[in-house]
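Trainee: Provided below for reference: sequence and predicted model.
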Amino acid sequence: MVTLGAGLNASEVTLAAHVSDDERDHRQVVYAVNVRTGQARVPAVHRPRAVTHLVVPGAAPLM
């Protein structure tokens, strides 16, 4: 699953992705992707207890 987040600055957006096929591994990596160059960096890795606790920096929480 991939979730597009908010813009970090004029050239980067956040993208959150699950990096494992294991259903028990809820680890989520947040990438900052430069929309001009295509380069990506990893500013954060989240390890929520459940899939319902996932976070995308800059995005409003789902209600």
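Mentor: Yep, that arrived.

Trainee: contacts and neighbour counts: CA atoms only from here.
Mentor: Fine.

Trainee: So which residue is dead centre in this protein?
Mentor: The centroid of the chain falls nearest to Ala16 when counting by CA atoms, centre = their mean (1.8 Å).

Trainee: Can you list phi and psi of that residue for me?
Mentor: Main-chain torsions, Ala16, degrees, to the nearest 10: phi -110, psi 140.

Trainee: Give me the pLDDT value at the residue lying closest to it once chain neighbours are set aside.
Mentor: Spatial nearest neighbour of Ala16, chain neighbours left out: Val30 (4.3 Å); criterion: CA to CA, 6 or more residues apart in numbering. Val30 is assigned 83 on the pLDDT scale.

Trainee: State the phi and psi torsions of Val30.
Mentor: As for Val30, its main-chain torsions (degrees, to the nearest 10) stand at phi -100, psi 130.

Trainee: which ones are touching it?
Mentor: Going by CA atoms under 8 Å, 6 or more residues apart in numbering, Val30 touches Thr14, Leu15, Ala16, Ala17, Val42, Pro43, Ala44, Val45, His46, Val56.

Trainee: And Ala40, by the same measure?
Mentor: By CA under 8 Å, 6+ apart, the residues touching Ala40 are Tyr31, Ala32, Val33, Asn34.

Trainee: Identify each buried residue in the lowest-mean-pLDDT helix or strand in the chain, please.
Mentor: Lowest on mean pLDDT, DSSP states H and E among the helices and strands of the chain sits strand 2-7, with a mean of 74. By 16 or more other CA atoms under 10 Å, the buried positions in strand 2-7 come out as Gly5, Gly7.
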